[in-house]
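S.K.: I'd like to go over a predicted model; first the sequence, then the structure.
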Amino acid sequence: MSIPATAPAAQTPVPLLDLKAQYEPIRTQILEAVTRVCDSQRFILGPETQALERELAAMLGVADAVGVSSGTDALLVAMMALGIGPGDEVITSTYSFFATAGCITRLGARPVLVDIDPVTYNIDPEGVARALTPRTRAILPVHLYGHCADMDALLPIATQAGVPVIEDACQSIGATWRGRQAGAMGVAGCFSFFPSKNLGAFGDGGLVTTQDPAFAAEIRLLRGHGAERRYYHDRVGGNFRLDELQAVILRVKAPHLSEWTAARRRNADRYRALFQAHGLSQVVLPVELAGAFHIYNQFVIRLPQRDAVKDHLQAQGIGCEVYYPVPFHLQQCFQDLGYKPGAFPESERAADESLALPIYGELTEAQLLHVVSAIAGFYEAARA
């Protein structure tokens, strides 16, 4: 395909996310499925949730999958099932969505933070090895933006230390590492079905995956206030249940996931070609390491004058976002952890330089060209 030198004169907005574009082709199926649940009047832990759990377990290559109320609650209940609490330490990245570290703190445990690999934005395995102490109860790597962390390095570190790995796969459903699915490599995998995810519900939802039937049973117990039999509580759990409406919507959408992921990957390739054609060598593009399968929940670039470029794009109707502007070690709520500015330089650089561009599968060629042309136009004007 030839690449025009400039975008067409007339432009339509390019939102960061266009949920309606995904919804319209499956609208009839969605409405029929929702009607089925409404007609059944079965809204909590019914047959749709059970069927979704079976279908996603098969898709993700795990023995069991347990639907829960959100990705945040997936992380929380997985750590609860391991008995993590006060006095314990959990090693994780300082650069992620807040829930990763927030759930550790909610259980009274201490997040022990580690810097990232600047290429993938994922946790640095050497930093993990250095962070181990006798109080370490788990390692919580994040598969950020849709690219798996280096599990070949992380799993042996965990095995040698005798601590479990919980995968934060909230942004990475369908991603693989050396042929293994995200969420199928640790003791537990935690997924989010927030609407912006590659597989998104029409509200909040989440999933915990595991190869261990006993662990799955513990998750199911904890998601219903620790009661296997109503009003008889073996544990103090919580209300972490996935509702039937979200489950049935996810059942309609899940068979389309591989097609939607392929479209995101095609758009990532088109971005690369367009950035090269425009001579934008100052823009650092996402990397897919050998042996990885990136599902591009986000297409995150690094570039000079990030904030000015962001303002320029938004002024032209192009959605973009900074994920994430403040690493955990610089958040006010984590100041008691004792970290100082400069403690994790790669994460701080990523926070200062990174920008997420639209990447959903329904983007048109004209929209992709508009995004890249606008970035090129910013730097051309800056040189003038």
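M.R.: Sure thing, it's come through.
S.K.: how long is stretch 335-346 from one end to the other?
M.R.: By C-alpha to C-alpha, to the nearest Å, the extent of stretch 335-346 from end to end equals 19 Å.
S.K.: next one: stretch 189-204
M.R.: Terminal-residue distance, stretch 189-204 (C-alpha to C-alpha): 17 Å.
S.K.: tell me the mean pLDDT for whichever helix in the chain runs longest?
M.R.: Longest helix in the chain by number of residues, with DSSP state H as the criterion: helix 257-277. The pLDDT scores in helix 257-277 average 99.
S.K.: Sort out which residues of it are buried, please.
M.R.: 257, 260, 261, 263, 264, 265, 267, 268, 270, 271, 274, 275 (16 or more other C-beta atoms under 10 Å). Every residue, glycine included, has its C-beta placed from N, CA and C.
S.K.: I'd like the next helix or strand past the lowest-mean-pLDDT helix or strand in the chain.
M.R.: One helix or strand of the chain scores below all others by mean pLDDT, DSSP states H and E: strand 227-229, with a mean of 94. As assigned by DSSP states H and E, the chain's next helix or strand after strand 227-229 is strand 232-233.
S.K.: Touching the helix or strand following that following strand from outside, list them.
M.R.: Going down the chain from strand 232-233, the next helix or strand is helix 244-253, by DSSP H and E. For helix 244-253, contacts defined as C-beta atoms under 8 Å, 6 or more residues apart in numbering pick out 26, 29-30, 33-34, 36-37, 40, 42-46, 48-49, 51-52, 55, 67, 193, 199-205.
S.K.: what is the rounded mean pLDDT of helix 244-253?
M.R.: On average, helix 244-253 scores 99.
S.K.: And for stretch 306-316?
M.R.: 98.
S.K.: likewise stretch 22-39?
M.R.: pLDDT averaged over stretch 22-39 gives 99.
S.K.: what's near enough to touch residue 82?
M.R.: 137, 138, 164, 166, 187.
S.K.: and what of residue 168?
M.R.: With C-beta under 8 Å, 6+ apart, residue 168 has these contacts: 75, 92, 96, 100, 140, 141, 142, 143, 190.
S.K.: what about it, distance to residue 95?
M.R.: From residue 168 across to residue 95, the span is 12 Å (C-beta to C-beta, to the nearest Å).
S.K.: picking up where we left off before, what would the contacts of residue 168 look like in CSV with pLDDT?
M.R.: CSV is the format used below for the contacts of residue 168 (pLDDT from 0 to 100):
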residue, pLDDT
75, 99
92, 99
96, 99
100, 99
140, 99
141, 99
142, 99
143, 99
190, 99
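S.K.: quick one on the thing from earlier: looking at the contacts of residue 82, which are in strands?
M.R.: 137, 138, 166 (DSSP state E).
S.K.: Return the member of those residues nearest to residue 214.
M.R.: residue 166 (15.8 Å; C-beta to C-beta).
S.K.: what ranges do the strands span in the chain?
M.R.: Using DSSP E, strands in the chain cover 64-68, 89-93, 110-114, 136-140, 166-168, 176-177, 180-181, 188-192, 206-210, 227-229, 232-233, 292-293, 299-302, 354-357.
S.K.: ranking the ones you listed by mean pLDDT, which is last?
M.R.: strand 227-229 (a mean of 94).
S.K.: What's the local residue count around residue 208?
M.R.: The number of residues packed near residue 208 is 32, by other C-beta atoms under 10 Å.
S.K.: From residue 378, how far out is it?
M.R.: 43 Å.
S.K.: now swap in residue 227 and tell me
M.R.: As for residue 227, its distance to residue 378 is 57 Å (criterion: C-beta to C-beta).
S.K.: Quick check: closest non-adjacent residue to residue 75.
M.R.: residue 103 (4.4 Å; C-beta to C-beta, 6 or more residues apart in numbering).
S.K.: wait, that neighbour sits on residue 76?
M.R.: Yes: the criterion here is C-beta atoms under 8 Å, and residue 103 meets it with residue 76 at 4.4 Å.
S.K.: more neighbours, these two?
M.R.: residue 103 (28 against 25).
S.K.: so who does that one touch?
M.R.: Taking C-beta under 8 Å, 6+ apart, one finds 72, 75, 76, 79 in contact with residue 103.
S.K.: For those residues, give me CSV that also has distance to residue 349.
M.R.: Compiled in CSV, the contacts of residue 103 are given as follows (distance: C-beta to C-beta, whole Å):
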residue, distance to residue 349
72, 27
75, 26
76, 30
79, 29
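S.K.: Kindly provide the distance from the spatially most central residue of the chain to residue 281.
M.R.: In the chain, the residue lying closest to the centroid (C-alpha atoms, centre = their mean) is residue 171, at 1.5 Å. Distance from residue 171 to residue 281, counting by C-beta to C-beta: 28 Å.
S.K.: one step back: in the sheet, which strands lie alongside the least confident helix or strand of the chain, parallel or antiparallel?
M.R.: Note on strand 227-229: by DSSP bridges, its sheet partners are strand 232-233 (antiparallel).
S.K.: Centre of the chain to the partner strand, how far?
M.R.: Computed by C-alpha atoms, centre = their mean, to the nearest Å, the separation of strand 232-233 from the middle of its chain amounts to 34 Å.
S.K.: which residues touch it?
M.R.: Contact partners of strand 232-233, identified using C-beta under 8 Å, 6+ apart, comprise 225, 226, 227.
S.K.: Once you drop chain neighbours, what's closest to residue 367?
M.R.: Residue 367's closest residue in space is residue 14 (C-beta to C-beta, 6+ apart), at 4.6 Å.
S.K.: Spit out the contact partners of the one you found.
M.R.: Contacts of residue 14 (C-beta under 8 Å, 6+ apart): 317, 318, 319, 358, 363, 367, 370, 371.
S.K.: The third one contacts residue 360, correct?
M.R.: No: with contact defined as C-beta under 8 Å, residue 319 does not count as touching residue 360 (10.2 Å).
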